[in-house]
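**Student:** no letters, just coordinates:
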Ligand code: SF4
């Protein structure tokens, strides 16, 4: 069965949670290679996020980003007052 396309204009209230997560994971996996940090750096950042008190359900509570997407980008940083990724 074909799934319903992800609606970019929907509010959370009207989203199918499974479809939303699938769509987010698809976006992450298709993110352009030339804009991604190395796999090693990506894993390092996520290990730091996993230990951080600001992580909640995959989202950084300081910036509202899904960390698996934010950490993927080359020119990004941890939004805390002390950048945990640079320590
Ligand atoms: S991005 Fe920084 S503040 Fe946010 S969860 Fe990761 S380590 Fe914590």
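**Tutor:** Sure thing, it's come through. Just so it is clear, the structure is predicted and the values come from calculations on it, not from any experiment. Numbering: from 1, shown residues only.
**Student:** which residues touch stretch 23-42?
**Tutor:** 6, 45, 66, 68, 69, 71, 72, 73, 74 (Cβ atoms under 8 Å, 6 or more residues apart in numbering). For glycine as for every other residue, the C-beta is placed from the backbone atoms N, C-alpha and C.
**Student:** ok, now with 10 Å
**Tutor:** For stretch 23-42, the external contacting residues (Cβ atoms under 10 Å, 6 or more residues apart in numbering) are 3, 5-8, 15-16, 43-45, 58, 66, 68-69, 71-76, 85.
**Student:** strands - which of those land there?
**Tutor:** Members of the contacts of stretch 23-42 lying in strands (criterion: DSSP state E): none.
**Student:** for the protein, which residues are neighbours of the ligand?
**Tutor:** Residues of the chain found near the ligand (Cβ under 6 Å from any ligand atom) are 48, 49, 52, 54, 55, 60, 62, 67, 78, 79, 80, 84.
**Student:** distance of the third one from residue 68?
**Tutor:** According to Cβ to Cβ, to the nearest Å, residue 52 stands 13 Å off from residue 68.
**Student:** again with the fourth one
**Tutor:** Summarising the geometry, the distance separating residue 54 from residue 68, computed by Cβ to Cβ, is 14 Å.
**Student:** picking up where we left off before, now a PyMOL select for only the buried ones of the contacts of stretch 23-42.
**Tutor:** Under the burial definition 16 or more other Cβ atoms under 10 Å, those of the contacts of stretch 23-42 that qualify are selected in PyMOL by:
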select buried, resi 45+66+68+69+71+72+76+85
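**Student:** all helices of the protein, in order?
**Tutor:** 17-29, 39-50, 67-70 (DSSP state H).
**Student:** got the buried residues for the first one?
**Tutor:** By neighbour count on 16+ other Cβ under 10 Å, the buried set for helix 17-29 is residue 23.
**Student:** could you give the average pLDDT over that helix?
**Tutor:** Here helix 17-29 scores 92 as its mean pLDDT.
**Student:** quick revisit: from the residues of the chain next to the ligand, which would you call buried?
**Tutor:** So, by 16+ other Cβ under 10 Å, the buried ones in those are 48, 49, 52, 55, 60, 67, 78.
**Student:** great, nothing more from me.
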